[in-house]
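Enquirer: Fold the following, please.
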Amino acid sequence: LNGSNYAQWAMYMEAELTRKGLWEVVEFEYKGERDPENMWDQLKAVHMSRGLATEVTRWRALLNAGMTAEESVEGWIGRVRGLVRGLEAIGEEVPKKLQAIIAVVGLREELNMVETKLDAVDRKLWTVEQVAALALNEEAR
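Expert: All right, here's what the predicted structure looks like:
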């Protein structure tokens, strides 16, 4: 856990504790606070970077992201979702259509047919999930 990975750490920690049936029985004290939600919020306040530099860095990472040659469609879509979660964790809203566009723009060249197929869908309804489904079908060809 550090200033740059709080959102991801918090998600993984809660998921792991829930998976093990421990989330409901977590009982500890943080700076005199016993309410789990307040403790969680205090941890977030301490470990979550804020400010313009953080915001710009996270937007830049999302807007400049692209699928690597070795990356699977699942890996790429997971990375896009992670970058979006990082922005949402600092209070930024990333519209679903923009998420879908970024996911399409970042695809490797051999998956360009996804753009054509996505064009048949109402633009107001574009989602990362649609891009993922189309890209997975194209990747399987």
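Enquirer: check contacts around Lys96.
Expert: Listed by C-beta atoms under 8 Å, 6 or more residues apart in numbering, the contact partners of Lys96 are Trp126, Thr127, Val128. Where C-beta positions appear, they are placed from N, C-alpha and C, glycine not excepted.
Enquirer: change it to 10 Å
Expert: Val84, Lys124, Leu125, Trp126, Thr127, Val128, Glu129, Gln130 (C-beta atoms under 10 Å, 6 or more residues apart in numbering).
Enquirer: Phi first, then psi, for the fifth one.
Expert: With angles defined as degrees, to the nearest 10, Thr127 shows backbone torsions of phi -140, psi 160.
Enquirer: what about Thr18, neighbour count?
Expert: 11 (other C-beta atoms under 10 Å).
Enquirer: Which strand or helix spans it?
Expert: For Thr18, the host element (DSSP states H and E) is helix 6-19.
Enquirer: Check what pLDDT the most centrally placed residue in the chain gets.
Expert: In the chain, the residue lying closest to the centroid (C-alpha atoms, centre = their mean) is Gly82, at 2.3 Å. pLDDT recorded at Gly82 is 94.
Enquirer: I'd like to know which helix or strand in this protein has the lowest mean pLDDT.
Expert: helix 36-47 (a mean of 69; mean pLDDT, DSSP states H and E).
Enquirer: list the helices and strands the longest helix that the chain contains packs on?
Expert: Criterion DSSP state H: the longest helix present in the chain is helix 73-89. Helix 73-89 sits against helix 6-19, helix 52-63, helix 96-105, helix 128-140, with contacts defined as 3 or more C-beta pairs under 10 Å, 6 or more residues apart in numbering; DSSP states H and E.
Enquirer: want to throw these into TSV with mean pLDDT?
Expert: Putting these into TSV (pLDDT from 0 to 100) gives the following:
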stretch	mean pLDDT
helix 6-19	82
helix 52-63	91
helix 96-105	94
helix 128-140	89
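Enquirer: so which of these comes closest to Met113?
Expert: Closest to Met113 of the helices and strands packed on helix 73-89 is helix 128-140 (C-beta to C-beta; 5.4 Å).
Enquirer: quick one: contacts of the closest one?
Expert: With C-beta under 10 Å, 6+ apart as the criterion, helix 128-140 contacts 67, 72-74, 76-78, 80-81, 84, 96-108, 110-118, 120-121, 127.
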